[in-house]
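S.K.: Sequence and predicted structure, then a few things I'm wondering about:
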Amino acid sequence: MRWLRENWLDFLIFLLIALVAAGIVLYLTGINPFARPRESASPMPGPSVTSSPPPSPDQPPKVEPAPRVPPVVFGVEWPVTEFALVRSELKPRGPVYTILEKFPLRGEHGREQEESTGERAQNH
C-alpha cells in the first residue's frame, strides 16, 4: 500500500492510458459496449445473396460495359495562339519555371497572321 500512496498519480496516468487503449481496440474491432441490445435477433443488414444458376461452360459470362459519363464542360473560353515547352526545376525555395521554346498554333488565327504579314511558318 505504501507504493500506491507514494505513486498515486502514476497509477492514475497508467489507468487512463489503459482505458484509452481499450477504447481504441474496441473501436477498431467494431464492438460498442454501450450499445443497447437489439429486441429481435435479426441478421445484420447487408447485401443480399441470391443463388443464381452457374454459367454453362460453353458460354462465357456476359459482361455489360460500364456506363458512359459525359464530360464536364465549363463555360469558359479563351483563344490559344501558342504553347510553350517549359522546364520545371525544384529548388529549396520553390519551383522555377523556364520557357525553353514557344510553338505557334496554325489554326484560323495563325493563317490570318501569315496572310497579313506574308511570312511562311516553319515546320518544327
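M.R.: Happy to help now that I have it.

S.K.: For residue 1, give me the pLDDT.
M.R.: What the model reports as pLDDT for residue 1 is 72.

S.K.: Same check on residue 113?
M.R.: Here, the pLDDT recorded for residue 113 equals 57.

S.K.: any low-confidence regions in the protein?
M.R.: Under the criterion pLDDT under 70, the flagged ranges of the chain are 38-57, 108-124.

S.K.: And the helices in it?
M.R.: Assigned by DSSP state H, the chain shows helices spanning 2-6, 8-29, 108-117.

S.K.: Looking at these, which is nearest to residue 36?
M.R.: Closest of the helices of the chain to residue 36 is helix 8-29, at 16.1 Å (criterion: C-beta to C-beta). In short, each C-beta sits where N, CA and C put it, glycine included.

S.K.: list the buried ones in stretch 4-16?
M.R.: Judged by neighbour count using 16 or more other C-beta atoms under 10 Å, stretch 4-16 contains no buried positions.

S.K.: okay if I get the helices of the chain as JSON lines plus distance to residue 82?
M.R.: Formatted as JSON lines, these follow (distance: least, C-beta to C-beta, whole Å):
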{"stretch": "helix 2-6", "distance to residue 82": "80"}
{"stretch": "helix 8-29", "distance to residue 82": "56"}
{"stretch": "helix 108-117", "distance to residue 82": "9"}
